[in-house]
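Novice: okay, sequence plus prediction incoming.
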Amino acid sequence: MYASIGVREYWIIHDGTRDLLVYSLKNGKYVPTPLFISRNVVESNVIEGLTLDLEGFFGVIE
């Protein structure tokens, strides 16, 4: 569904386990990255300059 409208990357954040998966479109299929955990800083491969410090993010939403 996302691929058909041109979404090249999407992020799924799991608040309960404090982790994140990034799915990137490659050859028409979404491929997940390794699991990012709260001490990671994640950078988008699609939006230049977009980063998310997971430790800071999860600290704010507590």
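Specialist: Happy to help now that I have it. Numbers count the residues shown, from 1 in each chain.
Novice: what average pLDDT does the longest strand along the chain get?
Specialist: If you go by DSSP state E, the chain has its longest strand at strand 19-26. Across strand 19-26, the average pLDDT comes to 96.
Novice: do stretch 4-11 as well
Specialist: 94.
Novice: flag every buried residue along it.
Specialist: Glu9 (16 or more other CB atoms under 10 Å). No exception for glycine: its C-beta is placed from N, CA and C like everyone else's.
Novice: same question for stretch 8-26.
Specialist: Glu9, Ile13, Arg18, Asp19, Leu20, Val22, Tyr23, Leu25.
Novice: relative to Val41, how far out is the nearest residue to Ile37 once chain neighbours are set aside?
Specialist: In this structure, Ile37 finds its nearest non-sequential neighbour in Asp19, 5.1 Å apart by CB to CB, 6 or more residues apart in numbering. Computed with CB to CB, to the nearest Å, the distance linking Asp19 and Val41 is 13 Å.
Novice: okay, and the common contacts of the two?
Specialist: Leu54 (CB atoms under 8 Å, 6 or more residues apart in numbering).
Novice: hmm, back to that, show me what the residue nearest to Ile37 is bridged to.
Specialist: His14, Ile37 (DSSP bridges).
Novice: close enough to count as contact, it and Thr33?
Specialist: No - with contact defined as CB atoms under 8 Å, Asp19 does not reach Thr33; the gap is 11.1 Å.
Novice: helices along this protein, start to end?
Specialist: 54-60 (DSSP state H).
Novice: quick check: the farthest pair among the buried residues of stretch 8-26?
Specialist: Arg18 and Leu25 (25.7 Å; CB to CB).
Novice: nearest to Phe57, of the buried residues of stretch 8-26?
Specialist: Closest to Phe57, out of all of these and judged by CB to CB, is Ile13, at 7.8 Å.
Novice: so who does that closest one touch?
Specialist: The contact partners of Ile13, taken as CB under 8 Å, 6+ apart, are Asp19, Leu20, Phe57.
Novice: format those as a markdown table; extra columns: distance to Leu50.
Specialist: Below are the contacts of Ile13 laid out as a markdown table (distance: CB to CB, whole Å):
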| residue | distance to Leu50 |
| --- | --- |
| Asp19 | 18 |
| Leu20 | 13 |
| Phe57 | 13 |
